[in-house]
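Engineer: Below are the sequence and a predicted model; questions follow.
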Amino acid sequence: MPELPYRQFASYLNSLKEGKSAPAPVYLLQGDELLCKTALNDLLDVLVPVEDRITHYEAFEGLPENLPKAIESLQTFSFFPGIKVVGFLDTAIFTEKLDASKLFSKWQEACSRRESRNAASYFRKLLEIRSIEMDASETAIFDALSDLGMRDADRQRLSETLVEVRRPSQQDPPVEGIQLLEAEIRRGVPQGHHLILTAEAVDRRKSFYKFLVEYGVVVDCSVPKELSTKASRQAMETLLIGEMQRILEGSGKRLSGAARAALLEKTGYDLRMVTSELAKLVQYAAKRTEITVEDVASVVTKTKKDPIFELTNAVMERKTAQALTTMASLLESGLVPPQILAAFHNQLRKMILARNFLDQTGIDAARMDFDTFRNQTVPQLISYEDALNRTYREWQGRMEPPEGRTRKDSVGKASGGDRIKDAEIRLMKKGQNPYPVFLLFRRVQGVSMERLIQWMRLLGEADDRLKSGPLDAKAVLEYVVIAMGTEDVETKHPKEGRAR
């Protein structure tokens, strides 16, 4: 089947619903991450009802080390009758290049996870592209990779990896992921089994891509990167209007022409920002059917993305790859590691406060619309924070010196009533727009207090290492991002190469 543009995918899905077409054994959704995610959800809605996904759909993160598991799942018959769908999501197997710094980082991550075979695989490729002999001395290899960030703390890892690399049984290079996947699909996919691949970019020259176009369904979810020509601007505008209409139809809302113009004026032709801000407007309008210019003025206050906000959101939502990329850009722009760690800490304090409020009140933020939050929950939150700060003042009052004397801190500043006022803990401040707090509550609904406390301990350890250790600051932050993106957060680093 020929490659489908994203705008035609809805018609294809309708043909599946009506029984005019049969589902393909393999789907590739490639291009913009947001559109790929939308297309994935729409396809799953047709193939597997929501209530059956726990038994009929299995998703894997698109890492090379997860590919054998995904293939095994695809080729294994389920205990449950009916369709079986396997997702291999956000993969880079179509474009992955042998980049030395990337391989070095993957080697460090594999070592941190104690995955010796994966670590050896990455390190073997690293030696190959650096033209370093496998039997070279450990010191020579260490020196040759120092420009990539090899440090004394890595010596133990290096020794252990070289033992694995030099094992006779490990000398044959593994089959590349894309070759393995192509061979398995050509061998045949069991009847009723379907594979969905999503990727941000693909190399259309690869034989596997051409094979998928003929054998399965490829959906082009790419968006224009440059808007310098009239054609590219028209294409982007058509795409934006289509996605806006999808959101509005799903919510039963209308967007006036003036409101749409005001929204695009604030967001530009940024697909992610437009859809994100429109979703906020839908929540804000609540029971009203029309979104107005006044709504846009009240809700859409930023005309450009805040990189720190993007970073903390990506970390808290455990989008590890996106967070690492954003963090690298911030460091390159001149932001220092303690500032980034402070941003994490500030966001986490707010999440802990919100989580505690939800636990005490039993409120389910996921089921709450914005009007309910603004009219019922905000007054409760203000009362809760008032009581919390009264308790805080009482604790501080007990620590005050006798006879009304004022304690001075190490830099000579008073630490009496002014400090208590400054340290007040508040999510809702006087005159503040409640909508960002509403979004915070929605985000924290699915995160337990135990996990938030684990994250806080992790940040404390990272702060100690930034201030007292000889470790590379970027590596410390990368460890924090990766650890917060895992299911089980370990707050104790390995003895060698901590935060690596």
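Structural biologist: Right, received. Where do you want to start?
Engineer: All the strands of the stretch 251-400 of the chain, residue numbers only.
Structural biologist: Applying DSSP state E, counting those that start in this stretch to the stretch 251-400 of the chain gives strands spanning 254-255, 290-291.
Engineer: Just name the most buried of the ones you listed.
Structural biologist: Mean neighbour count (mean count of other C-beta atoms under 10 Å) peaks for strand 254-255 among the strands of the stretch 251-400 of the chain, with a mean of 18. All C-beta atoms are positioned from the backbone trio N, CA, C, and that covers glycine.
Engineer: Tell me the strands beside that one, with direction?
Structural biologist: Here strand 254-255 is paired, per DSSP bridges, with strand 290-291 (parallel).
Engineer: Run the chain-centre distance for the partner strand.
Structural biologist: Remark: strand 290-291 is offset 31 Å from the chain centroid, using C-alpha atoms, centre = their mean, to the nearest Å.
Engineer: before we move on, what about stretch 451-465?
Structural biologist: The answer for stretch 451-465 is 19 Å, by C-alpha atoms, centre = their mean.
Engineer: same thing with stretch 77-84?
Structural biologist: 30 Å.
Engineer: what do you get for stretch 321-337?
Structural biologist: Offset of stretch 321-337 from its chain centre (C-alpha atoms, centre = their mean): 14 Å.
Engineer: buried residues in that stretch?
Structural biologist: Ala321, Gln322, Ala323, Leu324, Thr326, Met327, Leu330, Leu331, Leu335, Pro337 (16 or more other C-beta atoms under 10 Å).
Engineer: got it, and stretch 279-290?
Structural biologist: So, applying 16+ other C-beta under 10 Å, buried residues of stretch 279-290: Lys280, Leu281, Val282, Gln283, Tyr284, Ala285.
Engineer: Next one: the fifth one from Tyr435, what distance?
Structural biologist: This means Tyr284. Per C-beta to C-beta, to the nearest Å, Tyr284 is found 6 Å from Tyr435.
Engineer: ditto for Gln396
Structural biologist: In terms of C-beta to C-beta, Gln396 sits 32 Å off from Tyr435.
Engineer: thinking again about what came up before, Thr38: which of the strands of the stretch 251-400 of the chain is closest?
Structural biologist: Closest to Thr38 of the strands of the stretch 251-400 of the chain, according to C-beta to C-beta: strand 254-255, at 18.4 Å.
Engineer: Identify the residues contacting the closest one?
Structural biologist: By C-beta atoms under 8 Å, 6 or more residues apart in numbering, the residues outside strand 254-255 that reach it are Met244, Leu248, Leu263, Leu278, Leu281, Thr289, Glu290, Ile291.
Engineer: pLDDT averaged over that strand - what is it?
Structural biologist: Summarised as a single mean, pLDDT over strand 254-255 is 92.
Engineer: Quick one: distance of that strand to the chain centre.
Structural biologist: Worked out by C-alpha atoms, centre = their mean, strand 254-255 lies 30 Å from the chain centre.
Engineer: Longest helix of this structure, counting residues only.
Structural biologist: As assigned by DSSP state H, the longest helix anywhere in the chain is helix 337-361.
Engineer: just checking, what packs against that helix?
Structural biologist: helix 307-316, helix 320-332, helix 378-398, helix 435-444, helix 449-468, helix 473-484 (3 or more C-beta pairs under 8 Å, 6 or more residues apart in numbering; DSSP states H and E).
Engineer: what's the offset of that helix from the middle of its chain?
Structural biologist: Distance, stretch centre to chain centre, for helix 337-361: 18 Å (C-alpha atoms, centre = their mean).
Engineer: Kindly report the same for stretch 275-289.
Structural biologist: On C-alpha atoms, centre = their mean, the centre of stretch 275-289 falls 23 Å from the chain's centre.
Engineer: now what about it, what contacts it?
Structural biologist: With contact meaning C-beta under 8 Å, 6+ apart, stretch 275-289 is reached by 34, 243-244, 247-248, 251-255, 263, 266-267, 291, 295-296, 298-300, 369-371, 435, 438-439.
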